[in-house]
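Chemist: take this sequence and fold it.
(one chain, ligands or ions: 1)
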Amino acid sequence: MAEQQSFFGRGKWQNPEMERQKSYGPRRFWLPVDDGSGKGKTKVIFLDGAEGDMFFLFEHQVKLGESWQNWWPCMQNWNEPCELCDVGDDPNYLAMLSVMTTYQNRKQEWVATRQLFPMKQQTYKVIQDLAAARGGDITRWVVRIARVGERSANVGSAFDFERKIPDHETLCREVAPLLGWIGQQQLRPGQKRWTVEDYCKPFDYVEAFQKPDPKELIRVARRLRYSPITRGGEAPAGGGPRGEDIPF
Ligand SMILES: [Zn+2]
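Modeler: Next up, the predicted model:
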């Protein structure tokens, strides 16, 4: 089960026992492999999904300590030399979309949460084909997703398009009952109050993936230089078991 957490992974501290390390980007959608118990299945609503909506990014995923949940944008994105490439880590080339998905919190209540939907090439092609069959845009489609097979992409491999929500207002109305936290936000100074309308929009990718601090990349590169490089592949990146009775 995905733990209840800040809705933006940026600045989230990973693995407090290890050297504290900032990880980039919003929380990411992920499914465990479906073992027949139903936990490798869920539903999402795509919050964007036209060709022009996709955000493309070279990104490093590195293992620090026991955790694969460490991502840094590659400096190639800004046409600059990259410390992580220099130590031999190959970045992934990803296309990003945004989804609304759900999980059960500690009180077993269904809660909606917005997550990044990162696609490697294979998933990108599948989604492109599915979008092409729907006029080139999957925005506001409710999609059942299953992750079938150990080697399948961690965002899932089987996509069943159920229905399209007609407009943003209807989407907000459907999701609002699962966003109880929005009415109970306790703001720290300078924090923005979320509305359902804003939360049901895709991420601002440019804001979420800003150029990393070169000092930070040097620090990570130094750690990688002294540990064997292992590839992230489809390593777990969040998410968790799902029940059968999924809202939307
Ligand atoms: Zn790089």
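Chemist: beta partners of the residue nearest the centre of the chain?
Modeler: The centre of the chain sits closest to residue 28, judged by CA atoms, centre = their mean, with a distance of 1.9 Å. Here residue 28 sits in beta bridges with residue 116, going by DSSP bridges.
Chemist: next one: it relative to residue 135, how far apart?
Modeler: According to CB to CB, to the nearest Å, residue 28 stands 27 Å off from residue 135. Glycine gets a C-beta too; all of them are placed from N, C-alpha and C.
Chemist: and if you look at residue 51?
Modeler: 11 Å.
Chemist: how about residue 215?
Modeler: Residue 215 is 46 Å from residue 135, by CB to CB.
Chemist: now the end-to-end length of stretch 51-59.
Modeler: 20 Å (CA to CA, to the nearest Å).
Chemist: and it, anywhere near the ion?
Modeler: No - Stretch 51-59 lies out of reach of the ion by CB under 5 Å from the ion, never closer than 6.3 Å.
Chemist: and the contacts of that stretch?
Modeler: Stretch 51-59 is contacted from outside by 24-25, 48, 71-74, 76-77, 91-97, 118, 124, 128, 131, 136, 139, 202, 205-206, 209, using CB atoms under 8 Å, 6 or more residues apart in numbering.
Chemist: could you rerun that using 6 Å?
Modeler: 71, 73-74, 76-77, 91-96, 205, 209 (CB atoms under 6 Å, 6 or more residues apart in numbering).
Chemist: from the residues you listed, which land in strands?
Modeler: Among those, the residues falling in strands (DSSP state E) are 71, 73, 92-96.
Chemist: what residues are up against residue 207?
Modeler: Contacts of residue 207 (CB under 6 Å, 6+ apart): none.
Chemist: let's verify it: helix, strand, or coil?
Modeler: Classification of residue 207 using DSSP: H, G, I helix; E, B strand; the rest coil returns helix.
Chemist: do you know how far it is from the ion?
Modeler: Distance, residue 207 to the ion, by CB to the ion, to the nearest Å: 21 Å.
Chemist: ok so, going back, pretty sure the residue nearest to the centre of the chain is touching residue 113, no?
Modeler: No - look at residue 28 against residue 113 with CB atoms under 6 Å: they stay out of range, at 11.1 Å.
Chemist: tell me the buried residues in stretch 63-79?
Modeler: 63-64, 67-77 (16 or more other CB atoms under 10 Å).
Chemist: give the contact list for the residue nearest to residue 176 when sequence neighbours are not counted.
Modeler: Leaving aside its sequence neighbours, residue 176 sits nearest to residue 196 (CB to CB, 6 or more residues apart in numbering; 4.8 Å). Residues near residue 196 by CB under 6 Å, 6+ apart: 172, 176, 179, 182.
Chemist: the last one belongs to a helix?
Modeler: Going back to what we said before, that points to residue 182. Yes - with three-state DSSP as the criterion, residue 182 is part of a helix.
Chemist: what's the burial count for it?
Modeler: As a burial measure, residue 182 scores 18 neighbours (other CB atoms under 10 Å).
Chemist: list the contacts for it?
Modeler: By CB under 6 Å, 6+ apart, residue 182 lies in contact with 194, 196.
Chemist: and it, how close does it get to residue 213?
Modeler: 31 Å.
Chemist: ditto for the third one
Modeler: Applying CB to CB, the value for residue 179 to residue 213 is 33 Å.
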